[in-house]
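Asks: sequence plus predicted model, see below.
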Amino acid sequence: MSAPSSTPSASAESAATDYDFLTPDAGPKPPGPTPSQSRFQVDIVAEAAGATEDKSPSSDASTTVPSSDAATPAAPPQGPDANPGVGGGEEAKGRFRVVNFADPSEAESPASPEAPGEGLQNGDTVMSESSLHSSTGGQHHYHYDTHTHTYYMRTFGHNTIDAVPNIDFYRQTAAPLGDKLIRPTLSELHDELDKEPFEDGFANGDELTTPEEAAAKEAADSKGVVKFGWVKGVLVRCMLNIWGVMLFIRMSWIVGQAGIALACLIVGMATVVTTITGLSTSAIATNGFVRGGGAYYLISRSLGPEFGGSIGLIFAFANAVAVAMYVVGFAETVVGLLAGADALMTDELNDIRIIGTITVILLLGISLAGMEWEAKAQIFLLIVLIAAIINYFIGTFIPLKSKESMGYFGYDGTIMWENMGPDFRDETFFSVFAIFFPAATGILAGANISGDLADPQLAIPRGTLLAILITGIVYLGVAVSTGSCIVRDASGNVNDTVSSQFMMNCTDAACKFGYDFSTCRSDKDSCQYGLQNDFNVMSMVSGFGPIITAGIFSATLSSALASLVSAPKVFQALCKDNIYPGLGMFAKGYGKNNEPLRGYILTFGIALAFILIAQLNVIAPIISNFFLASYALINFSVFHASLANSPGWRPSFKYYNMWVSLAGAILCCVVMFVINWWAALMTNVIVLGLFIYVSYKKPDVNWGSSTQALTYHQALTHTLHLSGVEDHIKNFRPQCLVMTGYPNSRPALLDLVHSFTKNVGLMICGHIRTGYRRPNFKELATDQARYQRWLLKNETKAFYSPVFAEDMRQGAQYLLQAAGLGRLKPNTLVLGFKNDWRDGDMMNVETYISMIHESFDFQFGAVILRLKEGLDVSHIQGQDDLLSSQEKSSGMKDVIVSIDTSKDSDADSSKPSSKATSLQNSPAMQKDKKSPTVPLNVSDQRLLEASQQFQKKQGKGTVDVWWLFDDGGLTLLIPYLLTNKKRWKDCKIRVFIGGKINRIDHDRRAMATLLSKFRIDFSDITVLGDINTKPKKEHVSAFEEMIEPYRLKEDDMEQEAAEKLKDSEPWRITDNELELYRAKTNRQIRLNELLKEHSSTANLIVMSLPLARKGAVSSAMYMAWLEVLSKDLPPILLVRGNHQSVLTFYS
C-alpha cells in the first residue's frame, strides 16, 4: 500500500501524551469536517503503517478512514495505562450500540473492507451531534477500530469503554434522531476476554414494551409535529373547560338560593377539591416523562393497570358523553333564541336534535383538521368568553333606570346585606352545591393532551394551577357582584313602586329605590325577574346583552371541543397499552401528530347518540361522578406513592402533601355522594367491575407502579416484624425446600408439596447445578427469572432458587443454610426417591444419603416421595407441551430454555449424576409445536400419567398414615393439611400404629383420644400387633441378594485392604453392620409386607421415615432399607420431623 503519512504517528504520539497528562484534546486530530458541516463527527483511531484519507460523499456521517487493509490488527495503545486487551482479535465487539437507528442513505451505500465508513457495520455507533456536545462536554471522543468495526471512547484521555454519565443511556424511547444508547454492560467491562459477554439486549430490565416501541417509532418520526406550550396547551383549555355555561346561567341563581356567603363557600369548597387534585396532578406529572393519555396515563403509571384501565375507560366515555351534554346546552340556547323570534323549524325537542347534530359535525371537522386548528379555535373562543365576562362586569357599574323594575339597582350595601344569607326555595345547601360543582370540573383538559405538550412536566402544573386560581377568582367575583347589585325577586313591572305612606311597611332592599316587590312572595308566577327567577340575569345586567349570549355559545362549544379532543386521546393511550384486548384497532394514529381518527369517529358516534336523546338530566350526574372518580384516584395515587416510600417517587413539584392528597381523595368520594348518591354507587360498581376484570386478565405490563412499591414495603416491614416474634407451636407451618431441579421436571413432587403448602406455608424449589465448566451466573439469573415466571403462570405458589456448586452435597448445604429470609426459611427438606440408585455411581447414593443426614444436622424435617413409576419426566420429548402450556400461550419472548451439552454438564438436584444434561432431557420449552414427537414407550407413558396424578381430584379414597414413631407430629400434620384441600377433601385419613397384641384396644383408645384432642378427623385406627413378626424368607433372601454387590466382605480379605477399600468406597456394608442391624432390616421388610396387605389401594401412604445413625449405618444399607420398605406400593411419603412438637391441644 502507499507509504505511511505523518498523521497516524502524530495521533499515536498524542494518544501517549493523553495517557500521561490526562488532557482531553492534546495532539492534532485527523482531518475531517467539523461538527457544523455534518450531523455526526467521529474521530478515528490511528492504525499501523500507512493511511490515506477517504471521504464518503454518500454517507450522512462523514468519517475519515485509513486506506490500509481493514484486516490489519489495530495498533495497541501506548502508555502505562493502556489496556492490554485492546487491539488484535481480543477486542470485544459492540462497544457502543444504538437501537432503532436507520438512515436510508447508509442503507444504500455499499460497505467495503477498504472503506468501512461508507456503511454502518454491526456494532457501529453513530451519535447525534447534540449528544456528542451537550451531554459529554467535549471530554471524550469516539474512536473507530477498523479491525472489529467497533467504537470505543477516550474518556479523560484514556482509551476505555467505560462511559461517563449520559442522558441517552436512561432513555426508554428513541431520541429525536432515533438513537437510544446502551451503556457498556458490567460483563463487557468485567468479564475475561476469552468469553463472549456482549449480547444484544437492554441493561437493567429496560426492555421496551409494545406501547413503548410504538412510542419510540413515533419519536423517531417527530419532525413537523405540533407541540403546545403551557399557555395554549394547558391554561387556555382548562379555563375554557372550567368556565362552562354555569357561569352565565346558573351562578346568579346559586347566589339567590344560598346567599353571597354560602355561595362563596360553595365556590371555595369546589376550588379546594380541584386545587388539591391540581397539586396531586402536578406531583405525578413531574415524576418522570409524561406521554399521551392524560388522567389515564397518570393513574395507570402510578397505581398500575387495574386502576388505570378501569378509570381510563370510564374517563374516555365520560368525555365523549360530555360532548353531547355541552352541545345540547348550546342547542337549547339557540332554540330559546329561535323560539323568542318565533323561528322554530319543527318543535323544540327536534330542533335541539337538529342543531346539536349539525354542531357536533362541525366540531368533528375542526378536530379532524388537526390539533393546530383546534388550538386556534380554542383561542378564539377564549377571547369571546373573556369579552363576555368583562362585558358583564362593566354592566354592573352602569345602572339604568329601565333595568330597575327587573331587580338591578347597581352596587348597594343594603342589597348586599339582604343577599348575604340563604333563602333556599325547594333546595338545600348540598343540592345547590351539586348543581354548581360540575362547573368546577375540567381541570384535566390540559393534562388529557399531555402527548401534544412540548414540556408536560412544566406545562401541566403551571397551566392547571393558574387556571384554577383565575377561574376561582372570577366565580367569586361574579357571586359577590350579582349579590351586591341585584335583588332576589322582581316583577319587571315599572308600576310596582312604593308610595310614601306605605314606606314604613316596606322592609325589602328594593324599597330604598322606590320599588315594592312584596307581591312576589305570595304570587311567585307573576315575578319572572331577579336572582331567584331569571337564569339570564347576567345578560340583562351586562353592557351589551348579545355578547353574553356569545359567551354562552363560547363556553359550551369550547367545553365540547375540549372533550371531543380529550376522549379520543385518552382512549388511544388506553388501547395502545392493550389493557382491553378487543380495542386494539383504536390505538392506530394518523399523520405527524399521530391523530386518533378512529377514536374521533367513535367519540362522535357516542356523542351523537346522546344528542339524539336530548334529555341529559339523568346522565349529567353520572358524568360528574366519573370525573370525580378520576380526581379521587389521582389524589389517592400521590398518597399511595408517598406511603410506599419508593426511591423512584421524587417529583420535581414539591408543593404537595400525602395527607392533603388523601383528604382530597376522601373529599372527592364525599362530593360524589352529595351530588347524586345513586350515580355515585353506579360509578363505584362500574369502576370495581372493570378493576376486577383487568385484575383477572392480568395484562402483561410492568410500569413500576406504587402498588408494587407498597407491596414490597409491606412485605419487608412484616418480614422484619415477624423476625422479632418467637415461633409458637400453634403457628407452625411446613416450609418446604423441595429439590425439584427444574420446576417442571418433577411435576408429581411439585404438585403434591404444593397441595399442602399452598396458602399455608413456604415452598422453595431448590435446584443444584453442577458441572466441570466455570459457572455462568448470568445464565443462572436468567433461568431464575424465567422459571419463577413459569411457576406463576402455572399458578404454583413457590419460589425457584438455583445455585451453582462443586457437587450435589455442597449445593444442598448452600440451600439448607441460605434459602429463605428471616422467619420465611424452610424447615423441611423434600426429596424425590432415587429410583435408579443401583444403576449409577454409588458415590451419588453417598451424596443423596448425606443430604438427608445434613437436613437433620440443620434441624430440618425430611420428606421423601416415591412413585413406583418414577418422578423425573424431563427426558420425555415433548412433555413441555403438557407442562408449560401456560408459558407458551402467554406469547412471551424468552420462553426457550435449552441447555447446550457443549457448555453445560449440570447434574440434576435430586438425582445426582455425572452425566451431562443433554438438550433432549433438559426441560426445554421449545416454541415450535410442529417439531416431530417420538411415540412414547409404555414405561414413559405410565410415568407421564403418574406425574399428573396429583393434579386431579382424588375422589373417595384413603390417605393411610403409618405413624410408627413420634417425630413431633409432622407425619400427622401433612395428611391433615392435604385432606383440607379441594382435591383431597373426599379422602379419609386412616391411622396405623404399632402395638402389642395384648394391648390393642388400649392403644387404639389412647390414639383416638390423642387425635380428638388434636382435632384431627380420622375414619379408622389400626393397631399392628404383628409388626415384630419375622418377615417371609423369600423377602429376606431378596434383600440379601439386592445388597450383595455393596457388601465389603471384610472377613474375606486382609484388614488393611478392607480398611483401604472402605475409605475409598464408604458406602459399602460391613459384615458387622449387617449383623448389628439385622432386626432393623427385618422390620423394614416386614413393614413392606404389612403395607401391601393394608394399604395397597390407598391414594397416598404417609409413613414415618426410618432413621439411620450417622457414621454407623452405611449409605448403601440405608438406601436398601428405604428401597425394601417402599417398593411396589402406591405413592408413599416417608416423613420424619425434627422431633420438635408441631401439634398442640392447648388453646
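Replies: Received, thanks.
Asks: enumerate every residue touching H754.
Replies: Neighbour list for H754: M763, T796, K797, A798 [criterion: C-beta atoms under 8 Å, 6 or more residues apart in numbering]. Heads up, the C-betas are built off the backbone N, CA and C, glycines and all.
Asks: ditto for F228
Replies: Each residue near F228 by C-beta under 8 Å, 6+ apart is listed here: V234, M371, A375, I449, D452, L453, A454, A459.
Asks: which ones are touching I606?
Replies: Residues counted as contacts of I606 (C-beta under 8 Å, 6+ apart) are F317, A320, V321, V323, A324.
Asks: backbone dihedrals for it, please?
Replies: Taking degrees, to the nearest 10, you get phi -60, psi -50 for the backbone angles of I606.
Asks: how far away is it from A567?
Replies: 8 Å (C-beta to C-beta, to the nearest Å).
Asks: hang on, the earlier thing: out of the contacts of H754, list just those in strands.
Replies: If you go by DSSP state E, the contacts of H754 have M763 in strands.
Asks: out of the contacts of H754, flag the one nearest to E1040.
Replies: Checking the contacts of H754 against E1040 with C-beta to C-beta, the nearest one is M763 at 39.8 Å.
Asks: A1058 sits in which helix or strand?
Replies: If you go by DSSP states H and E, A1058 is part of helix 1055-1064.
Asks: what is in contact with I606 and A567 at once?
Replies: By C-beta under 8 Å, 6+ apart, I606 and A567 have these common neighbours: F317, A320, V323.
Asks: my read: the last one touches T603, true?
Replies: Right, V323. Yes - taking contacts as C-beta atoms under 8 Å, V323 lies within contact range of T603: 6.6 Å.
Asks: overlap in contacts of those two?
Replies: L564, A567.
Asks: helix/strand/coil for R1015?
Replies: Under the three-state scheme (DSSP: H, G, I helix; E, B strand; the rest coil), R1015 adopts coil.
Asks: ok so, going back, and of the contacts of H754, the nearest to D967?
Replies: Distances from D967 to those, taken by C-beta to C-beta, are shortest for M763, at 20.4 Å.
Asks: out of the contacts of I606, who's the most crowded?
Replies: Among the contacts of I606, the one with the most neighbours (other C-beta atoms under 10 Å) is V323, at 30 neighbours.
Asks: model confidence at that one, what's the number?
Replies: On pLDDT, V323 comes in at 88.
Asks: contact partners for it?
Replies: By C-beta under 8 Å, 6+ apart, V323 lies in contact with V360, L363, A560, S563, L564, A567, T603, I606, A607.
Asks: just send the residues you listed back as CSV, with secondary structure, pLDDT and distance to Q951 too.
Replies: Shown next, in CSV, are those (DSSP: H, G, I helix; E, B strand; the rest coil; pLDDT from 0 to 100; distance: C-beta to C-beta, whole Å):
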residue, secondary structure, pLDDT, distance to Q951
V360, helix, 90, 57
L363, helix, 87, 58
A560, helix, 86, 57
S563, helix, 85, 52
L564, helix, 87, 53
A567, helix, 87, 47
T603, helix, 90, 48
I606, helix, 89, 47
A607, helix, 89, 52
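Asks: can I get the buried part of the residues you listed as one ChimeraX selection?
Replies: Remark: buried members of the contacts of V323, expressed as a ChimeraX selection using 16 or more other C-beta atoms under 10 Å:
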select :360,363,560,563,564,567,603,606,607
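Asks: P935: neighbouring residues, count only.
Replies: By other C-beta under 10 Å, 6 other residues sit near P935.
Asks: tell me the pLDDT at it?
Replies: Value for P935, per-residue pLDDT: 70.
Asks: over to L1129?
Replies: Reported pLDDT for L1129: 90.
Asks: equivalent analysis for T357, please.
Replies: On pLDDT, T357 comes in at 91.
Asks: I figured it hits L608, correct?
Replies: Yes - between T357 and L608 a contact is recorded at 6.5 Å, counting by C-beta under 8 Å.
Asks: dump the contacts of F228 into TSV; add neighbour count and pLDDT as well.
Replies: Below are those laid out as TSV (neighbours: other C-beta atoms under 10 Å; pLDDT from 0 to 100):
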residue	neighbour count	pLDDT
V234	30	90
M371	22	71
A375	19	80
I449	26	81
D452	23	79
L453	24	85
A454	14	85
A459	26	89
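Asks: for these, give me CSV that also has distance to F544.
Replies: What follows is those, written out as CSV (distance: C-beta to C-beta, whole Å):
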residue, distance to F544
V234, 31
M371, 33
A375, 28
I449, 34
D452, 36
L453, 36
A454, 38
A459, 35
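Asks: let's have those in JSON lines, adding distance to I386 and secondary structure.
Replies: Below are those laid out as JSON lines (distance: C-beta to C-beta, whole Å; DSSP: H, G, I helix; E, B strand; the rest coil):
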{"residue": "V234", "distance to I386": "17", "secondary structure": "helix"}
{"residue": "M371", "distance to I386": "22", "secondary structure": "helix"}
{"residue": "A375", "distance to I386": "17", "secondary structure": "helix"}
{"residue": "I449", "distance to I386": "21", "secondary structure": "helix"}
{"residue": "D452", "distance to I386": "23", "secondary structure": "helix"}
{"residue": "L453", "distance to I386": "23", "secondary structure": "strand"}
{"residue": "A454", "distance to I386": "24", "secondary structure": "coil"}
{"residue": "A459", "distance to I386": "21", "secondary structure": "helix"}
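Asks: closest one of those to Y814?
Replies: Looking at these and their distance to Y814, the nearest is L453, at 53.3 Å (C-beta to C-beta).
Asks: which ones are touching the closest one?
Replies: By C-beta under 8 Å, 6+ apart, L453 lies in contact with K227, F228, G229, W230, G233, V234, V290, G446, A459, I460.
Asks: hmm, try it at 7 Å
Replies: Residues counted as contacts of L453 (C-beta atoms under 7 Å, 6 or more residues apart in numbering) are K227, F228, G233, A459.
Asks: any idea what the residue lying closest to the third one once chain neighbours are set aside is bridged to?
Replies: On the basis of C-beta to C-beta, 6 or more residues apart in numbering, the spatially nearest residue to G233 that is not a chain neighbour turns out to be L453, at 4.8 Å. Beta-bridge partners of L453, counted by DSSP bridges, are F228.
Asks: how near is L453 to Q378?
Replies: Counting by C-beta to C-beta, the gap from L453 to Q378 is 14 Å.
Asks: now swap in G741 and tell me
Replies: Distance from G741 to Q378, by C-beta to C-beta: 65 Å.
Asks: where does this protein dip in pLDDT?
Replies: Scanning the chain for pLDDT under 70 picks out 1-159, 172-180, 193-225, 495-496, 498-507, 521-525, 614-619, 772-773, 877-934.
Asks: using CSV, list the CA coordinates for the helix holding A1058.
Replies: Extracted in CSV, the C-alpha atoms of helix 1055-1064 (Å, rounded to 0.1, in the frame of the first residue of the first chain):
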residue,chain,number,x,y,z
GLN,A,1055,-7.7,-55.9,57.4
GLU,A,1056,-5.5,-53.3,55.8
ALA,A,1057,-7.0,-53.9,52.3
ALA,A,1058,-10.5,-53.9,53.9
GLU,A,1059,-9.9,-50.5,55.6
LYS,A,1060,-8.5,-49.1,52.4
LEU,A,1061,-11.5,-50.2,50.4
LYS,A,1062,-13.9,-48.8,53.0
ASP,A,1063,-12.1,-45.5,52.9
SER,A,1064,-12.3,-45.3,49.1
